[in-house]
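S.K.: One predicted model, sequence on top.
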Amino acid sequence: MQQRTLGGTSVSAVGLGGMPMSIEGRPDEDRSIRTIHAALEAGVTLIDTADAYHRDADEVGHNESLIAKALSSFGSGATDVLVATKGGHLRPGDGSWTQNGHPDYLKEAAKASLARLGGDAIDLYQFHRPDTEVPYEDSIGALKDLLDDGVIRMAGISNATVDQIRKANQILDGRLVSVQNQFSPAFRSSEDELRYCGENGIAFLPWSPLGGIQKAGGLGETFAPFQEAADKHGVSPQQVCLAWELALSPTVIPIPGASRPESITDSAKAAELQLSDEEIQALSAAL
């Protein structure tokens with residue numbers, strides 16, 4: 001597996017997003033664990049989760065606990081896996097998503113995530129989404145305190161603008177290591193953030209890199225150039241999509257969600273798919 005750098009740590013160029021294994025429509029636990037194990041067998045060493053990846057109100061941290069169980073049952077082969085989690089989003093249980101960026105809440109949420117994930121500190125903790133009711137500086141200040149207190153090893157942000165990236169990195173004394181924004185052929189409004197991260201050596205982790213849970217399977221039908229490239233290389237259009245994203249910047253690390261072993265096994269192969277400069281330019285221009 002091709003490697004990329006996240007905060008000085010080497011991780012697989014393609015990660016695994018855990019959300020589909022814990023929200024509405026999730027599979028049974030056995031299939032989810034097999035999916036995580038398949039990712040590890042394919043060389044994936046970055047897994048993304050969040051305390052808000054759950055379905056019912058009384059199961060906060062469902063995905064974190066699931067990942068911890070899967071890693072534990074895999075054995076020594078999971079030693080080098082970096083688990084990134086997030087806080088600041090909540091799911092009341094009615095299908096909605098709400099925010100809480102209050103510093104005290106984020107600190108308690110991080111400690112609860114650590115208890116579920118296990119270990120001495122969270123590998124990477126990311127502020128999930130800005131809370132319009134709380135000054136951004138206050139929320140990021142909580143991440144700084146968590147870093148300084150050793151609760152987390154690295155800090156990142158999600159769903160952020162370029163100005164927020166600059167602000168967060170300043171508050172964190174230059175220790176911001178990642179930005180996790182939505183980015184895919186269908187959603188390219190984070191191109192400025194992707195470019196800024198590349199220029200400043202910050203890992204950019206596209207979420208829903210294949211277009212989202214409901215649309216990933218039809219990517220080739222929706223975006224014909226990706227299907228054409230896939231046919232040429234004898235691979236899936238999903239692989240072409242991830243390879244295209246990887247080619248946009250050396251700091252890009254896509255984290256496709258999966259709930260089946262076959263899906264993440266296929267996605268992981270994108271790290272070895274070499275697209276020509278002409279193909280990359282054609283795919284970018286076709287969107």
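M.R.: Cool, got the structure. Numbering: from 1, shown residues only.

S.K.: What about Thr265, how many residues nearby?
M.R.: By other Cβ atoms under 10 Å, 16 other residues sit near Thr265. For glycine as for every other residue, the C-beta is placed from the backbone atoms N, C-alpha and C.

S.K.: what helices or strands is the strand or helix carrying it leaning on?
M.R.: Using DSSP states H and E, Thr265 sits in helix 261-268. Judged by 3 or more Cβ pairs under 8 Å, 6 or more residues apart in numbering; DSSP states H and E, helix 261-268 is in contact with helix 29-41, helix 237-248.

S.K.: how big is the angle separating the last one from helix 261-268?
M.R.: Which is helix 237-248. Here helix 237-248 runs at an angle of 30 degrees relative to helix 261-268 (axes from the mean of the first three to the mean of the last three Cα atoms, to 10 degrees).

S.K.: same check, this time on the first one
M.R.: Between the axis of helix 29-41 and that of helix 261-268 there is an angle of 20 degrees, by the same axes, to 10 degrees.

S.K.: Which is the succeeding secondary structure element to helix 29-41?
M.R.: strand 46-48.

S.K.: contacts for the helix or strand just after that next one?
M.R.: Sequence order places helix 62-74 as the next helix or strand after strand 46-48, per DSSP H and E. Identification of contacts with helix 62-74 by Cβ atoms under 8 Å, 6 or more residues apart in numbering yields 18-19, 21-22, 29, 32-33, 36-37, 40, 47, 49-51, 53-55, 78, 81, 83, 85, 113, 116-118.

S.K.: same thing but at 6 Å, please
M.R.: Outside helix 62-74, the residues that touch it by Cβ atoms under 6 Å, 6 or more residues apart in numbering are 18, 22, 32-33, 36-37, 40, 47, 49, 53-54, 78, 85, 113, 116-118.

S.K.: May I see the buried residues of the helix or strand where Glu278 lies?
M.R.: Using DSSP H and E, Glu278 sits within helix 277-285. Within helix 277-285, the residues scored as buried using 16 or more other Cβ atoms under 10 Å are 279-280, 283.

S.K.: Please apply the same query to stretch 203-215.
M.R.: Under the neighbour-count criterion of 16+ other Cβ under 10 Å, stretch 203-215 has 203-213 buried.

S.K.: Please apply the same query to stretch 77-97.
M.R.: The neighbour-count check on stretch 77-97 (16+ other Cβ under 10 Å) flags 78, 81-91 as buried.

S.K.: quick one: which of the residues you listed sit in helices?
M.R.: The helices, defined by DSSP state H, take in nothing from the buried residues of stretch 77-97.

S.K.: quick one: which two of the residues you listed are the most distant?
M.R.: Ala78 and Leu90 (28.6 Å; Cβ to Cβ).

S.K.: Can you redo the buried residues of stretch 77-97 as CSV, where the extra columns are pLDDT and distance to Asp145?
M.R.: Converted to CSV, the buried residues of stretch 77-97 look like this (pLDDT from 0 to 100; distance: Cβ to Cβ, whole Å):
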residue, pLDDT, distance to Asp145
Ala78, 88, 29
Val81, 96, 26
Leu82, 97, 22
Val83, 98, 21
Ala84, 98, 19
Thr85, 98, 17
Lys86, 98, 17
Gly87, 97, 13
Gly88, 96, 14
His89, 93, 20
Leu90, 93, 21
Arg91, 92, 25
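
S.K.: residues of the helix holding Thr265 that come out buried?
M.R.: Those would be 261, 263-268, for helix 261-268 by 16+ other Cβ under 10 Å.

S.K.: nearest to Ser190, of those residues?
M.R.: Ser267 (19.7 Å).

S.K.: What does the pLDDT read for the spatially closest residue to the closest one that is not a sequence neighbour?
M.R.: Distances taken as Cβ to Cβ, 6 or more residues apart in numbering place Pro256 nearest to Ser267, at 4.6 Å, with adjacent residues excluded. Looking at Pro256, its pLDDT stands at 97.
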